[in-house]
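Visitor: Provided below for reference: sequence and predicted model.
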Amino acid sequence: MSEFRIHHDVNELLSLLRVHGGGDGAEVYMDLLQKNRTPYVTTTVSAHSARVKIAEFSRTPEDFLKKYDELKSKNTRGLDPLVYLLSKLMEDQETLQYLQQNAKERAELGASTTSSLSLPVAASKISTRELEELRRQLGSVATGSTLQQSLELTRKMLREKQNKKNSGQHLPVFPAWVYERPALTGDFLTSSGVGTDTALPIGTLPLTSQESAVVEDLLYVLAGVDGRYITAQPLTGRQGRSFLVDPNLDLSVRELVNRILPVAASYSTVARFIEEKSSFEYGQVNHALAAAMRTLVKEYLILITQLEQLQRQGLLSLQKLWFYIQPTMRTVDILATLATSVDKGECLGGSTLSLLHDRTFNYTGDAQAQELCLYLTKAASVPYFEILEKWIYRGIIDDPYSEFMVEEHELRKEKIQEDYNDKYWDQRYTVVQPHIPSFLQEVADKVLSTGKYLNVVRECGHDVTCPVAKEITYTLKERAYVEQIEKAFNYASKVLLDFLMQEQELVAHLRSIKRYFLMDQGDFFVHFMDLTEEELKKPVDDITPPRLEALLELALRMSTANTDPFKDDLKIDLMPHDLITQLLRVLAIETRQERALVGAEPTELTLSGLEAFSFDYVVKWPLSLIINRKALTRYQMLFRHLFYCKYVERQLCSVWVSNKTAKQHALHSAKWFAGAFTLRQRMLNFVQNIQCYMMSEVTEPAWHILEKNLRSASNIDDVLGHHTSFLDNCLKDCMLTTPELLKAFSKLMSVCVMFTNCVQRFTQSMKLNGELGRLTLEHGTMLGPPTEAERAEENTRKKLAKKHLAEHMDAPQVTSAFEVTINKFDKNFSTHLLDLLARLSIYSTSDCEHSMASVISRLDFNGFYTERLERLSAERNQKTGPHVPLPRGPPTAAPRIAVTAQ
């Protein structure tokens, strides 16, 4: 059962029980069910013992067993597992008490809602005579006309369903007069009543004459025509046919007649079944079954004709008729039983074949009955196997009556590039469980995949025909057609895999995506960030996308990425959300929070170009099956994460370059930069180690594993699974699947960006101060008194310098407060970093994500942060008592400095 089916069933159960699932709804119960799934299959023995246990526990065991037999006769899927589940529920007293209390509350609620309805009060119990009269009246209502109306309604519903599926192609139907003319039937005409000829009362005839008259009547009745002394009763619903025998008939003769009449009743059932299922609406499988039954009925009627010939020659007595009818009695009874079961179960297509297959196996030991069922199953399976052959050999579904196990849905393959949650590959073709024949249950998934693979190749304009195609016929030895299906599956897998790998160059496209989205092309990103740095610092609304596209094109042409044949598929995408919001929206898909996040505004704050920037990639069909929007969104999340880290690293490196100006100042001025130098180096160490971890320890090893798995993949589903697993592992190990870790990491990066902006503005202000002094000194000492033109030029330059100074000098950054500002940055950075390390420690131990321990080892390589966490933990223990988890760092003592300033 798929995850989506489990989610739907859990929601339905909660709704029926009127249970509120709490904050997480059905997700909590889904997780429990997924963790407790077992490959256990309910056997016949366990189902029987469960049925006995429930019958013993039930207050009305007869009703329970009767309902079970009724559902079993309808070939209801999942009945035995349900019975087994109910027997297990009986053993859980706590669950039983809850269900009883819940039923009581629902009954009270239902009583309160129906209290306004006026119901007749029963004054006394109904008598037996009144009950029989009521039954007779109800039986008279459900006669032929009512049955015909119900059949017409069924045909109409089936026509509407089939026409809806086959839009624009109307299926054939029988004209109305086929159903309106009662004489066009092989069954009894109940409206004819008793014959109008002047027949002598049979009781006045001698025994020999009675037997001769009864034999003649029986031959008529066995052929579906009323006799003079034996007449068919009107049908009541879908019950079997009953007959009325003249009560004046001799008792011994009447006893033998009653033994022969079940053959006529079975023939009546089969004849009605053949006429009903021959309508187009019931599908090709039922058509084939009805045709096979009609062949057998024809042989039966030939036998009746031969017996009539003997009767006319005076050679057929009642005893001889009973003798000659014996072999046929068993055959007609089996046909009637099958017809009744198909009717009760409302079987179509695969469900009809399942019923026939099960009956064939149930008759093991009865050679005649098994041979008969085998003949019917072979005949009925011919049209089904023709649909199956078209699907597994050519990838085409030709199923006008919705009988096949695979159902096609109208989905556009273009949506793969538009919708993150599009399920094209999973939902374009799906398996319909009720239409899977029981003998194909084990290979249903292979049948689905085989046709899907060939269908993809066909949609790309390639005509495919399986070279190992052979006709599939039904047999009790299932291995025969199972092997044929496996051969077709292997061929289809190879065709599609070779098509994607060789002709469509899937691996080359994935390498191209890795080159850009996972920042594998170093020189390209240096060129690109040099060209676009100023543009990306603007608010996202002020950025001109065509300009970014032009700069991207320039960077691609200037770097070694120019050799990439798929570089033109790379595009610019400015996202409406920051990375955390995008992550939350993706994680909320198919949960209760999805609607709230989808309806929310893109963001309250104005994003900068750096926060909104991402790459996009143009993928065409059929590569979009693998590189769909879901995969591209994951690539984008990884890219935005890595790209922002690279930007912060560039900013910190530019601070290191600008800090060289501190050497030009006196010692009392340069000392303010000492704390800034150390903090900048700690930040740079943090960012570079995080980048090295994500690129060297996460993405690169995962990529090598992906390439290895792709080389050994045998079908496209394996490729999809390996690619999805690669992206999932990268997202998880890069802290992108845990919002708490990502938020802590984002706070650290924000502190780093704010620190670089502060230091750059302060350095710029000191540089401008020095520039003002240099200008005045040059004019006062070297050139003598300046001229009027020089004074005007000097004033203009001073005004411009003061303007820049005013823009870059803020109150907190005045030299007297600069040291305090740096200390605040140091404190914030240390606090957030310790918080991240603590969360990483918890995550790596509780969730067994040992790769996270590598981040702690990189950042806390000398035990510096371990000591600080220990001090912080001791301080908190003195105040509140709770213990702060320690990261798994080296146990040896180490100096208390992170890294010496360079």
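Guide: Arrived safely, thanks for sending.

Visitor: Which parts of the chain are strands?
Guide: Counting by DSSP state E, the chain has these strands, from start to end: 230-232, 243-245, 406-408, 429-431, 570-574, 613-617.

Visitor: Among those strands, which comes closest to residue 52?
Guide: Nearest of those to residue 52, taken as Cβ to Cβ: strand 429-431 at 33.7 Å. For the C-beta atoms, the positions are set from N, CA and C on the backbone; glycine is no exception.

Visitor: Quick one: list the elements packing against that closest one.
Guide: With contacts defined as 3 or more Cβ pairs under 8 Å, 6 or more residues apart in numbering; DSSP states H and E, strand 429-431 has these neighbours: strand 406-408, helix 444-459.

Visitor: what's the burial count for the closest residue to residue 86 other than its chain neighbours?
Guide: Leaving aside its chain neighbours, residue 86 sits nearest to residue 54 (5.9 Å; criterion: Cβ to Cβ, 6 or more residues apart in numbering). Using other Cβ atoms under 10 Å, residue 54 has 19 neighbouring residues.

Visitor: show me what contacts residue 54?
Guide: 64, 83, 86, 87, 90 (Cβ atoms under 8 Å, 6 or more residues apart in numbering).

Visitor: out of those residues, which are inside helices?
Guide: Members of these lying in helices (criterion: DSSP state H): 64, 83, 86, 87, 90.

Visitor: Top of the residues you listed by number of neighbours, please.
Guide: Neighbour tally across those (other Cβ under 10 Å): the maximum, 22 neighbours, falls on residue 83.

Visitor: Look up how far residue 723 lies from that residue.
Guide: 42 Å (Cβ to Cβ, to the nearest Å).

Visitor: model confidence over stretch 479-498, on average?
Guide: Averaging pLDDT along stretch 479-498 yields 87.

Visitor: Mind listing what's buried along it?
Guide: Neighbour counts over stretch 479-498 (16 or more other Cβ atoms under 10 Å) mark 481-482, 484-485, 487-493, 495-497 as buried.

Visitor: and what of stretch 428-443?
Guide: Using 16+ other Cβ under 10 Å as the test for burial, stretch 428-443 gives 428, 429, 432, 434, 435, 436, 437, 438, 439, 440, 443.

Visitor: Looking at those residues, spot the one nearest residue 362.
Guide: Checking these against residue 362 by Cβ to Cβ gives residue 438 as the nearest, at 12.0 Å.

Visitor: OK, contacts around that closest one?
Guide: 353, 354, 357, 358.

Visitor: Residue 397 now?
Guide: Counting by Cβ under 8 Å, 6+ apart, residue 397 has contacts 387, 390, 391, 404, 406, 408, 429, 451.

Visitor: what separates it from residue 386, distance-wise?
Guide: Taking Cβ to Cβ, one finds residue 397 at 12 Å from residue 386.

Visitor: picking that back up, save the ones in helices among the contacts of residue 54 as JSON lines, and put in distance to residue 202 and pLDDT too.
Guide: JSON lines is the format used below for those (distance: Cβ to Cβ, whole Å; pLDDT from 0 to 100):
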{"residue": "64", "distance to residue 202": "46", "pLDDT": "80"}
{"residue": "83", "distance to residue 202": "52", "pLDDT": "79"}
{"residue": "86", "distance to residue 202": "55", "pLDDT": "81"}
{"residue": "87", "distance to residue 202": "56", "pLDDT": "80"}
{"residue": "90", "distance to residue 202": "58", "pLDDT": "76"}
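
Visitor: Which of those residues sits closest to residue 201?
Guide: Ranked by distance to residue 201 (Cβ to Cβ), those are led by residue 64 at 49.5 Å.
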